[in-house]
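Trainee: I need the structure of the sequence given here:
(3 chains)
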Amino acid sequence: MISEAQSGDTALSAARATDEPAFVVDVEGFEGPLDLLLALARQQKVDLAKISILALADQYLAFIEEARRLRLELAADYLLMAAWLAYLKSRLLLPDLTSEEGQNAAALASALAMRLKQLEAIRTVADQLLGGAQLDRDVFRRGQPEPIAHITHPEWTATLYDLLTAYAQQRQRTALSHVHVAQRSVWSLAEARTALERLIGQSADWAQLDKYLLSFVADPSLTRTVFASSFASTLELVREGLMEVHQQAAFAPLYVRKNQQTSYPEGSQQQP
Amino acid sequence: MPNLKVVTTSHEPERNPESRLEELRILEAMLFASAEPLDEKLLAAQVPEGIDVHAGLLELQQEYASRGVNLVRINGKWTFRTASDLAWLLSRETTEPRKLSRAAVETLAIIAYHQPVTRIEIENIRGVSTSKGSIDVLLETGWIRPRGRRKSPGRPITYGTTEAFLSHFGLDAIGDLPGLDELKGSGLLDGRLPPEFSVPMPSDDATLREDEDPLEPGDLDLALGPASERVSTE
Amino acid sequence: MPNLKVVTTSHEPERNPESRLEELRILEAMLFASAEPLDEKLLAAQVPEGIDVHAGLLELQQEYASRGVNLVRINGKWTFRTASDLAWLLSRETTEPRKLSRAAVETLAIIAYHQPVTRIEIENIRGVSTSKGSIDVLLETGWIRPRGRRKSPGRPITYGTTEAFLSHFGLDAIGDLPGLDELKGSGLLDGRLPPEFSVPMPSDDATLREDEDPLEPGDLDLALGPASERVSTE
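Mentor: From the prediction side, this is the model:
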């Protein structure tokens, strides 16, 4: 067989014998020997069912002969078909077509006619199919479709078990991490200072330092270090003039606020 | 200025004409909104229960039959398309659809009318070996698909047409292919012919035939050209 | 089957009704197929000469006025649009079950046990910072609510649980949440806890605590935000 890709290359174009106008050797555009046969068959201008395979074989062989005379290179497909047709022709010319060989030849001939007919039929319907209305060529769908928006509303789910394990695990995690991790048991001066700055940042009111600290510290074991660090930081902040602190009596709660250099609560005692 | 009035002439048993009109409006709106054909089940989900969607669609189809836009059925689904007789007016030079080679056109026709069909069978009918290119081009259009493997030596892949094929050529079903009568009447169903030469009533039923095996996981890689469509088999 | 008939009541000088219908068909098809709204000038340039495009469009508009699809003029250009009363057809709303993220569940648990609680307090208990996303998702579930503002620097918002919380988790009252002994007994908490470790007795009493101020008018807006912006980031 010849491949489609090659068929274009077997360009036997321009090989028109002007002195033989009825016969033009031009394989270009033929899609293999069957296609060529079909084209030749059409020259007989009869119904394919009534076509003379013998005449067709002669036409084909003459075509191939002409191509060879012109030294045109033919693909093996065409030559194979020529050989087969030559064989078929010799059988069809047997004097006794009722012999077994003769009957075989007749069957082969009609099978070939049938193949040609089928190829023609499929081409006819292909033309009808492609010639009909095609989408985006002849008929059109809506040019501006209005998309159907798909809105999904999440329906959140969680189980009580999820909730309780989440609670227990994180409480356990933080409780244990404070116990086991040495670094966590000390509150650095920097941490204390940041916390204090946050405490006094917005408020002009006195805030009770220890109450604030206690609520801040989730882990009771941290109480001492928190107190120590924050007291040191308090003194530092007061020294820098950023903060004021007062205590009504020894061991009484410490109050802090942003330095405003204004009045102090009743009975307060400013510390340097 | 002339006024157009919509007048209903009903010979049916009483139905609330207003609610019926509303049903048609809903069907109309949904079908207009979508560029793709919609099936009756999807449409039924949007109209109040107990509505005969099918009857409503037939009614709409009739109403639109004479208009510039028609309601057509594609593979059992419904969609509006411009009337085909207006093609001369609407054809767009700019969006010239892919021009198929003659080889690809013939291959497509053989697949459409003979499906499921293997490449060798296509070659036998065309009398020429079909380059992989034709099949690839057709796969790229989305009009054909590999559907299985023939239970024969070499287990060749069988091809069939898709819904996109029906949609492109405006067919409600594969049985609506043109030229079927001619093909059948031409004696091509002659029993003496090898099976691949017969032209049975085409069917794109996805169910595998007796002589087909399902595709294997890697087959789609082989059959489908563009890399983007390939499924990783790793 | 009822038939819809288009009846013209014309007070205009005679025009060939058939060719007029054809004009409408052409306009209809062009507007339907166009990828964008068309102005009258462009339409006039594309339709066969002699068509009164303006009159035709007004006629079509009237015909479609009662239908599921209307012909509308937008910025001087014509296009078909779904009738506005049927806009609901163009969106399909579904609910989709989604699991809360681990971070959100943890935050929720803290709020449930420690309410009223501020975001900073949640972070202190959890030992990690809580993204705004977690709180937002929880607000979206409707299981928590902003209930007040803590009387402390920065006046942070306090959160508590809602009735929807109780009903989702099948609790009769917030006090039914297991306490320390029960959590230990069920193995959720193990024995390696510091002696001071405690689990609060939760209460979702709506009455503001002594250290809570009521929410201010703008607070709910802030806390709830528009739905589209609520995205879980954890």
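
Trainee: neighbours of the residue lying closest to residue B:156 once chain neighbours are set aside, just the number please.
Mentor: Using Cβ to Cβ, 6 or more residues apart in numbering or on different chains and skipping the chain neighbours, the partner closest in space to residue B:156 is residue B:118 (4.0 Å). Every residue, glycine included, has its C-beta placed from N, CA and C. For residue B:118, the neighbour count with other Cβ atoms under 10 Å in any protein chain shown is 21.

Trainee: again, but for residue A:233
Mentor: What residue A:233 shows, counting by other Cβ under 10 Å, is a neighbour count of 22.

Trainee: is stretch A:151-162 up against chain B anywhere?
Mentor: No. Stretch A:151-162 is not in contact with chain B by Cβ under 8 Å from any Cβ of the partner chain; minimum separation 15.1 Å.

Trainee: Is chain C within reach of that stretch?
Mentor: Yes. Using Cβ under 8 Å from any Cβ, stretch A:151-162 reaches chain C at A:151-160, A:162.

Trainee: buried stuff in the helix or strand harbouring residue A:58?
Mentor: Using DSSP states H and E, residue A:58 sits within helix A:53-69. Counting neighbours by 16 or more other Cβ atoms under 10 Å in any protein chain shown, one finds that the buried residues in helix A:53-69 are A:53, A:56-57, A:59-61, A:63-64, A:66-67.

Trainee: and the least confident of those?
Mentor: Least confident entry in those, by pLDDT: residue A:67, with 84.

Trainee: circling back: pick the one among the buried residues of helix A:53-69 closest to residue B:86.
Mentor: Nearest to residue B:86, judged by Cβ to Cβ, of the buried residues of helix A:53-69 is residue A:56 at 45.1 Å.

Trainee: tell me the mean pLDDT for the helix or strand harbouring residue A:124?
Mentor: Using DSSP H and E, residue A:124 maps to helix A:100-131. For helix A:100-131, mean pLDDT rounds to 86.

Trainee: near chain B at all, it?
Mentor: Yes. Using Cβ under 8 Å from any Cβ, helix A:100-131 reaches chain B at A:111, A:114-115, A:117-119, A:121-126, A:128-130.

Trainee: from those residues, which two are the most distant?
Mentor: Pairwise over those, using Cβ to Cβ, the maximum falls at A:111 and A:130, 28.5 Å.

Trainee: what's the neighbour count on the closest residue to chain A within chain B?
Mentor: The minimum distance from chain B to chain A, using Cβ to the nearest Cβ, falls at residue B:127 (2.5 Å). By the criterion of other Cβ under 10 Å, residue B:127 has 22 neighbours.

Trainee: isn't it right up against residue A:33?
Mentor: Yes. Using Cβ atoms under 8 Å, residue B:127 is in contact with residue A:33, at 6.4 Å.

Trainee: Now do the same contact list for residue B:54.
Mentor: When contacts are counted by Cβ atoms under 8 Å, 6 or more residues apart in numbering or on different chains, residue B:54 touches residue B:40.

Trainee: likewise residue B:36?
Mentor: Counted by Cβ under 8 Å, 6+ apart, residue B:36 has contacts A:141, A:145, B:79.

Trainee: In three-state terms, how would it be classified?
Mentor: When classified by DSSP: H, G, I helix; E, B strand; the rest coil, residue B:36 comes out as coil.

Trainee: Can you name the residues bridging to residue A:246?
Mentor: Beta bridges link residue A:246 to residue A:255, residue A:270 when assigned by DSSP bridges.

Trainee: Please tell me the pLDDT value assigned to it.
Mentor: At residue A:246, pLDDT is 81.

Trainee: tally of neighbours for it?
Mentor: 18.

Trainee: roughly how far apart are it and residue C:153?
Mentor: Here residue A:246 is placed at a distance of 18 Å from residue C:153 (Cβ to Cβ, to the nearest Å).

Trainee: Residue 171 - how many residues pack around it?
Mentor: Let's take chain A. By other Cβ under 10 Å, the residues close to residue A:171 number 26.

Trainee: That was the other one, I meant chain B.
Mentor: Neighbours of residue B:171 under the rule other Cβ under 10 Å: 23.
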